[in-house]
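K.L.:
Give the three-dimensional model of this entry:
(one chain, ligands or ions: 1)
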Amino acid sequence: MNTIVVAYDRLRTIGRHNRLPWQGILPADMAHFKTITDGQPVVMGRRTFDSLPEQYRPLPNRQNIVLSLSHTAIDGALVVHSLKDAYEASRGDAYVIGGAQIYEQALSTADRIIATEIDTETMGGDAFFPPIDTDEWGEADRISFEADELNKFAYSFVTYLRRQR
Ligand SMILES: NC(=O)c1ccc[n+]([C@@H]2O[C@H](COP(=O)([O-])OP(=O)(O)OC[C@H]3O[C@@H](n4cnc5c(N)ncnc54)[C@H](OP(=O)(O)O)[C@@H]3O)[C@@H](O)[C@H]2O)c1
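P.N.:
Reported below is the predicted structural model:
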């Protein structure tokens with residue numbers, strides 16, 4: 001099963017200036033991401049790998065697979081040149097973790113989307129997640145949280161499963 005893991009806001013924004021718009025102000029999402037991907041192969045675009053804070057690059061305790069056409073080697077990661085190669089290289093089910101270019105290419109072959117839906121509208125976002133077509137995807141689970149002293153926005157953890165093809 002190929003899984004997409006993503007966090008987006010009401011405008012479907014996922015990034016701004018090659019970083020997460022809610023970096024540092026939504027730690028619950030970071031913790032959720034770690035729980036889901038811990039010990040799993042993670043597949044990401046080269047720009048997302050570059051965007052990771054230095055202390056989390058490569059992401060610890062995960063097989064880091066980076067898609068790139070411009071690089072042949074990256075410290076701590078396996079570089080591949082196509083999504084197909086990324087899936088073949090994965091030691092176990094692949095978790096596709098972004099960014100926009102990679103989500104766009106992975107969506108048609110993914111079986112599951114684990115989304116954090118963030119109740120805000122980022123100004124000036126420049127990376128987006130595609131709309132989820134409800135003919136193709138069914139909502140299987142949703143758990144919602146209010147903003148609190150640590151997490152600036154309300155948010156929901158939502159699982160979408162691909163409907164039978
Ligand atoms: N909110 C979230 O859940 C989330 C998650 C991840 C990332 N993000 C955000 O998303 C943004 C980055 O997304 P992005 O779309 O700019 O970049 P990206 O998808 O992370 O990476 C794009 C790069 O991947 C490589 N690539 C793309 N398609 C490829 C293919 N078919 N084969 C081989 N290599 C391929 C190319 O690398 P080369 O240029 O090296 O050839 C390309 O420049 C950032 O703002 C980041 O913070 C958000």
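
K.L.:
which residues does N151 contact?
P.N.:
Counting by Cβ atoms under 8 Å, 6 or more residues apart in numbering, N151 touches I25, L26, P27, A28, D29, F145. Where C-beta positions appear, they are placed from N, C-alpha and C, glycine not excepted.

K.L.:
Let's see that with 6 Å instead.
P.N.:
L26, A28 (Cβ atoms under 6 Å, 6 or more residues apart in numbering).

K.L.:
Which helix or which strand is home to the residue lying farthest from the centre of the chain?
P.N.:
Distance from the C-alpha centroid of the chain, by Cα atoms, centre = their mean, peaks at E149 (24.7 Å). Using DSSP states H and E, E149 maps to neither a helix nor a strand.

K.L.:
how much space between L69 and Q101?
P.N.:
11 Å (Cβ to Cβ, to the nearest Å).

K.L.:
what secondary structure does V66 sit in?
P.N.:
Under DSSP: H, G, I helix; E, B strand; the rest coil, V66 falls in the strand class.

K.L.:
okay, now it: neighbour count?
P.N.:
V66 is flanked by 24 other residues according to other Cβ atoms under 10 Å.

K.L.:
One more: A28?
P.N.:
Look at A28: counted by other Cβ under 10 Å, it has 16 neighbours.

K.L.:
How about the one 5 residues further on?
P.N.:
Other residues within reach of F33 by the criterion other Cβ under 10 Å amount to 19.
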